[in-house]
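Colleague: next one to model:
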Amino acid sequence: MHHHERSRGTKAGVAAETASISDVPAKMGHGSMFARERHERRRGKRRLILPCVFLVGLVLGWMLHNMIRATIAVSSGAEGAVVALPKREGVSPTRMPRATTPPLPSAKVKLPSNNPKAKKPAKKAFRVRKLGPRVRGVVSSNYSEEGRYAPEKPDLLPGLQIQRRPFTPAELLERFGDADIIYSFVNGSEANHQYRKIVRNACITALLKAENASYVSLHRDLRAGTSASSPRYVYSNISPEKPAGAAIAQKGELLSGLRGTPTSHPPKTTSTTALTPFSHLSCIPSLLRPVLARPKTYAELVQRVKAAARRGVSVRDRETDELRHSLRSVEQHVQWHRGRVVMVSPGHHPTWVDGAKNFLAGVCGGARVQALRSRGTHLRVTTVHQDAVMPYGMRLTADSHVIEQHLWRVRNVTAVHVYMNDDYFVNRDVAITDLFNEYGGTIVRTERSVIAAGAVADSGASWAKGVLHTQQFNTQELDVLHEDYLPEALVSMWDTLKRVNRSAGGAASTSVSVPPLDEAVDVAHQYAPDPLPNRSLIPRRLRRYATHAPFVYCTNMFRFFETRYEREFAATALRHRSRKARDLFIPFMYNAFIMARPWQASPRFLPYLLELHRSRRQARTDAMPPTQIVLDNVDGCGPASLRGGNVASQCLFAKFMDKLKYNEYVLQRIARVNPLYFNINAGFSSARAADQLRGFLHGKFPTPVYLEVGDAPPPGEGGVDGAGAAAGGGDAALRRLFGDLMALPVVGVVSYEEGVCPLVRSLALAFAGHHRGGVRVSVERHGGATLREARAALGHRVVSAMPAPACAYTEQVSVDSAGRGESVAEIARRAMGEMRGGVKLPSTCGGGGAGLRVRGFVVDARTRGAPVRSAAALRDALAVPAQTLSLEDFRAVAVGPSAADVVLVVSREDAEAKAVHWVNGASESDLLVTYPLPVEAYEDMGAEVRWSVP
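Modeller: Numbers count the residues shown, from 1 in each chain. Modelled structure (predicted):
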C-alpha cells in the first residue's frame, strides 16, 4: 500500500498529497481535483452508514430476542406452565414420557417450548398442576424461599405420614456440631496425578474401546449359555490345588486380546511384565514417547512426568495455597465444629501438614493438645484417595461432576456433611443457624439469577449447557412426574440384581439396598437410563443458580440419588471421563430435590413405593399400612430454606485474573461487601497473580492451624509464656516419637501375588511419604488357583487397560510366603525375626497405648474366603489402603515376649469400625490405576522400566 493510500482521510495525508502535485492552483474551485476527491470521500462515508446501521440493528435485535425469551421462560415458570402429563396406568401410575426423538407416540398435547416463534398457547392438559414457590420479600437481591415438607399430591401416596419438629440452636449444635467437612483437592503438579492425566488425555478413547470390547465380548459369551467349555462350568469343576487345562486355555484366549498377540500358554507367574506398555492400544502419549522409544530407567520416567507436571499444570489444578488458608478460615470462624476434616484427592496429601502431629496428636497429644478441640482446632486431616469412593472399573476419570456424586461414600459419613472446594473461604464467624433452619433443614444458598427452561445438552463440555441439561432433568423428575412414579425398568433391574429384600411384613420390613460400587460397571453396560425429552420442558418452580460457597448436604438425599438414579449415575461414570455438559450437576440437582421432596431421602420411602405399586398391580382394595417418615436428616431430610442473591445468601463470587489491577479491585470488593463466605476462582496463569493471591490469603488468614508444619504455637497460646514453651516442647517430643515409629518395619500380608506391588506403593500415601523402614510382604499359600487363572475361569469382564510401570524392588522390600490361616502375630514374628528394639509409647498416649512397645506395623490385606470362587468375590480379591493413616486407625496385637510387646495392625476386617478406606480390584492392573508410579523409598529407580500387563 502506498503512503497516500494509508494517509487518506487525514489532514496530514491531504497536505502530503497536495505537496506532491506541482501544478495545483493557489485557489481551487468546486471543479478542482481536490474538491472531487473530497466529494468522493463523503460519498464513501455515506455508503458505510447503511451497513453500520444494519449491523447495530441486528445486534440489538438479537439481544432483545434473548431478553424476551428469558422473560417468557421465567414468567411461565412462575405462573405455573401447563405441562402435559402421561397417563397413569399399570405398575407406574405416572409414566415416564418418552424421548421426542423418535417423536412422542401420543403427541396430542405438546409441551411448551422455548422457541419464540412458537407463540401459540399450549392446550390445557388433563390434571393441570400449578404450583408457585412461596416467596418472601420482593427485593431481587434478597430472595428467600421455604422448601416443601409434605407431598404435593398426598392422595397419590396413601398411608405416608410426614413429620417434622423444631429445634433450638443448642439442639442443632448438639446434633450436627460434628458434621464432616469434606474437601475436594487437586494438586496438578503431583506426579501420579499427572501420569494419569497424560495417559487419559492421549489414550482415553483407546482405553475405553479396549475395556468395552473385553466386557462386551465376554458378556455375549456368557449370555449364550453355560456349557462344558464355559468359564463358569470349567471353574466349578477344577480342583483348588491344580487348575484344569480348560481353564488355562480359556485364560489365554481372554488375555490375548489385550496383549495384541495370541497366547497359547499361560504365564508361569501371576505377576507379568512387558517391555512395550501400549502394545494393546493404538496410541502413545507424546510426553512419554522419549521414555518408550528406547530402554529407560524408572528415575527417567518419573522425572519426565514431573517435568510435564511443572510445565503443563492447568489453572484449575495450580497449587497456590488455597486449601491451607481455607482450613485456616474454618478454624478461625467455625470454632464450634467438632467433626472430621476429610480431603478427597487423586492421591496426594497436602505437603504443609505436619506428619508427626497428624499421625500422633489425636492419641498421644496429651491433655493440653486434646483441649484444643474445644476451640475448633482439628488434630487430624485425613486424605482419602478418590478411587476409594469411585465405582469399580471406572476410576480413571477427571470428571469432577461424577466424583461429587460419590463423595458421600466417605466411610462413616455423618447425617449431614459440608462439602467445600479448596477455594471456598469463611469470612466471618458462622453460627450453627447459618447452616440449618429451625427444623434442622439445610440452608441452600444460591445466586439471584433464575435458570431458564431446560434443554438436553450436546456432547460438548459447556458449563452453561450443562446447567440447562440438569434443569431439564430436574423439571422432568419434579415438575412432570408425580411423587408416586417409579420406572418399571428400574424395579425389574432391582429384582434381577437382588437389591430388594422383601418379607411378609410389607413396606415396613422391606428394604432396598444401596448400590454397591462394584456393580455400577455392570449397570452401566446392561441397563440404559430413561432418555430425557429432547423438547425443552418449562419448569413450574423457579430454580436458581447454585453459588460458590460451602454446600450443606443431607447425606440421605445422596443415598436416594444413587439408588433411584443408579442407571443415570452409572452411565455417566462409564462414558464421561472428563467434564461434559450431559453430566448431572450435583449442587443444582440437590438444591432442586431438597426444596421440593426432602421426604424422598428416607430409607423407608422407596420400599413404601414398591409396596404401593405392588398393591396397585394386584388390585388390592385394602388400605396401605401407615409409613412414617421423620424429617430430621437421620430419616428423611429436614425441609430446606433457600437464600438467593448476594444479600440473602451472604456469598460473594470472585475471580482472579492475570491483570493485577483488576485483582486489586476484586480484593477491595471482598473487603467492602464483607460476605459470610467468598470464593476466589482461578482464572490466571502468571506467577505474579499467584503470588498476589497467596499474599492476600496470608494477610487475610495469618494464623496457622495446629497441624501446619512449623514451630508456631497452637492458636491462642503465646510464644513466650509458659504455655508457648510447653507447646514447643510437646511438639518436639511428638516429632521424635514419630521419627522412631517411621523407622520400624512394615509387614504386609496378601492372598495373591498380584497384590504385592500395589500394597508396597500404597504405603507412600498411607504414611504420607514419611516411612523409611523396611517392608516385608507375605503371600498366603491357600492352595487355590492364581488370580489370573481365576479371572479366566470365572469369565471376568472388567479390565483396567491403563498401562502402568511394574514394581522393581530394592533391598528394602522382601517377599515371602505365609501359611493359610496363620495369625497376624505369627506372620509378624516370622517376618521380623528376633524383633529387636521397638518404640515405647509415652504416658501421654491415651486409649490404652501408654507403655506399649511397638515392634512394627502390619497391613493385613488378605482376601476373605480365599481362594475366590465367584465373580462377585473376584472384584474384591485384592485391596490396599487408600488414605493417610493415623495412630487411631491401628489396633495393637501382642507378639511377645511380654504383653506390652505389640505390632500395630490395620486390616480389611476393621475397615468399617475404624473408618479406613481401601481400594479394591480383581487384578494388579486394577490397583495400579490408583498407584501407577514407583516409590523411590522402596523401588530401584535405576532399573530398566518394565510394565505391568493387564
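Colleague: worst-scoring helix or strand of this protein, pLDDT-wise?
Modeller: Every helix and strand of the chain was ranked by mean pLDDT, DSSP states H and E. The lowest is helix 231-236, at a mean of 31.
Colleague: excluding its backbone neighbours, what's nearest S282?
Modeller: Closest residue in space to S282, ignoring its immediate chain neighbours: A206 at 5.1 Å, by Cβ to Cβ, 6 or more residues apart in numbering. Any C-beta I mention is one placed from the backbone N, CA and C, and that applies to glycine too.
Colleague: again but with P587, I slipped
Modeller: With Cβ to Cβ, 6+ apart as the criterion, P587 has its nearest non-adjacent residue at 3.8 Å, and that residue is A546.
Colleague: quick one: contacts for that neighbour?
Modeller: For A546, the contact set (Cβ atoms under 8 Å, 6 or more residues apart in numbering) comprises 446-447, 585, 587-588, 591.
Colleague: hmm, try it at 6 Å
Modeller: 446, 587-588, 591 (Cβ atoms under 6 Å, 6 or more residues apart in numbering).
Colleague: what's the separation between it and S578?
Modeller: 21 Å (Cβ to Cβ, to the nearest Å).
Colleague: thinking again about what came up before, and the helix or strand where the residue nearest to S282 lies, what's buried?
Modeller: With elements taken from DSSP states H and E, the one containing A206 is helix 191-223. Applying a neighbour-count criterion of 16 or more other Cβ atoms under 10 Å, one finds 191-200, 202-204, 206-208, 210-211, 214-215, 218, 221-222 buried in helix 191-223.
Colleague: all strands for the stretch 201-350 of the chain, in order.
Modeller: 273-274, 341-345 (DSSP state E, counting those that start in this stretch).
Colleague: which elements pack onto the helix or strand just after the longest one?
Modeller: Using DSSP H and E, the helix or strand that follows strand 341-345 in sequence is helix 355-364. Taking 3 or more Cβ pairs under 6 Å, 6 or more residues apart in numbering; DSSP states H and E as the contact definition, the neighbouring helices and strands of helix 355-364 are helix 722-742.
Colleague: wait, what's in contact with V552?
Modeller: The contact partners of V552, by Cβ under 6 Å, 6+ apart, come to 418, 435, 442.
Colleague: any idea what the nearest residue to it once chain neighbours are set aside is bridged to?
Modeller: Using Cβ to Cβ, 6+ apart and skipping residues adjacent in sequence, the residue nearest V552 is T442, 4.1 Å away. Residues in a beta bridge with T442, per DSSP bridges, are F436.
Colleague: list the contacts for T442?
Modeller: Contacts of T442 (Cβ under 6 Å, 6+ apart): 552, 554, 640.
Colleague: show me what the helix or strand encompassing L606 is packed against.
Modeller: Assigned by DSSP H and E, L606 falls within helix 605-617. Counting contacts by 3+ Cβ pairs under 6 Å, 6+ apart, helix 605-617 packs against strand 511-512.
Colleague: okay, now the sheet partners of the strand it packs on, with direction.
Modeller: strand 500-501 (antiparallel).
Colleague: contact partners of the partner strand?
Modeller: By Cβ under 6 Å, 6+ apart, strand 500-501 touches 494, 511-512.
Colleague: tell me the mean pLDDT over it?
Modeller: Mean pLDDT, strand 500-501: 91.
Colleague: in strands, which of the contacts of T442 fall?
Modeller: Mapping these onto strands (DSSP state E) picks out 552, 554.
Colleague: state the phi and psi torsions of the residue nearest to the spatial centre of the chain.
Modeller: Central residue of the chain (Cα atoms, centre = their mean): I403, 1.9 Å from the mean position. Dihedral pair for I403: phi -60, psi -40, per degrees, to the nearest 10.
Colleague: show me the contacts for it.
Modeller: I403 is in contact with Q386, counting by Cβ under 6 Å, 6+ apart.
Colleague: if we go to 8 Å?
Modeller: Each residue near I403 by Cβ under 8 Å, 6+ apart is listed here: 184, 344, 386, 390, 397.
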